[in-house]
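> no sequence on this one, just coordinates:
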C-alpha cells in the first residue's frame with residue numbers, strides 16, 4: 001500500500017487498525033506533536049494524508065480527511081467512503097505499537113509469553129514487540145467485517 005497517514009491525537013485506536021491493515025501510519029501523540037502547525041508540517045514533510053476529527057485543522061491542511069465519528073468502526077466506514085481500502089493483511093506487516101516493519105521469526109525464537117498453539121510469530125524490527133494472530137487479530141477482523149460495502 002502506498003498511502004501513508006498521520007493521525008491526530010483523537011485517533012489513537014484508528015492508528016492501530018490502519019497499521020494492522022498494512023498502512024504506514026504515524027500517530028501525532030507518539031510523535032510528540034500537539035500544535036496544529038507542527039502536525040500540518042509533519043504531514044506535509046513526510047507526504048502523509050492527515051486524518052483528523054478537528055474541523056479547523058482539516059480545513060487548514062491540504063488533502064486532509066475529516067472524520068466525524070468517535071467510534072473506530074464508524075471511522076473505518078468513513079475512510080472506506082473516501083475510497084481507502086480497509087482490509088486486514090494476510091499477515092502482519094506493520095507493528096501496531098510503533099509502526100515499524102515486522103518480520104516472521106523462526107519458531108525456535110518463540111517468546112515465552114506466546115501461546116503454544118501459535119505457529120506463526122512476527123517481531124517488530126524497531127521495538128522488538130511480538131505478534132501473532134490471536135484474539136485481538138480476530139476482534140479487528142470482526143470489526144472490519146462490519147464495514148458496509150458500497
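Ah, there it is. Fair warning: this is a prediction, and the values are worked out from it, not measured in the lab.
> what about the strands in the chain?
Taking DSSP state E, the strands of the chain run over residues 4-7, 24-27, 49-52, 65-66, 102-104, 122-124, 130-131.
> List of residues touching the third one?
Spelled out, that is strand 49-52. 3-8, 10-11, 14, 39-40, 43, 57-58, 61, 63-67, 79 (CB atoms under 8 Å, 6 or more residues apart in numbering). For glycine as for every other residue, the C-beta is placed from the backbone atoms N, C-alpha and C.
> Buried residues, that strand. List them.
49-52 (16 or more other CB atoms under 10 Å).
> Sheet partners, orientation included, of it?
Strand 49-52 has its sheet partners listed here by DSSP bridges as strand 4-7 (parallel), strand 65-66 (parallel).
> can you check the fifth one too?
Strand 102-104 has these partner strands in its sheet, going by DSSP bridges: strand 122-124 (antiparallel).
> Other residues contacting the strand it pairs with?
91-92, 95, 97-98, 100-105, 109, 129-132.
> In those residues, find the pair that's most separated.
Distances among the contacts of strand 122-124 were taken as CB to CB; the most separated pair is 98 and 109, at 19.3 Å.
> Show me which of the two is the more surrounded one.
Per other CB atoms under 10 Å, whichever of residue 98 and residue 109 has more neighbours is residue 98, with 15 against 10.
> Is it correct that the more buried one is in contact with residue 125?
No. With contact defined as CB atoms under 8 Å, residue 98 does not reach residue 125; the gap is 9.8 Å.
> now the residue of the chain most remote from its centre: how far from residue 99?
Distance from the centre of the chain peaks at residue 108, with 28.8 Å (CA atoms, centre = their mean). Look at residue 108 and residue 99: by CB to CB, to the nearest Å, they are 27 Å apart.
> swap in residue 8?
In terms of CB to CB, residue 8 sits 15 Å off from residue 99.
> Residue 12 now?
12 Å.
> Between these two, which is the more surrounded one?
Remark: of residue 12 and residue 99, residue 99 carries more neighbours, 23 against 14, as counted by other CB under 10 Å.
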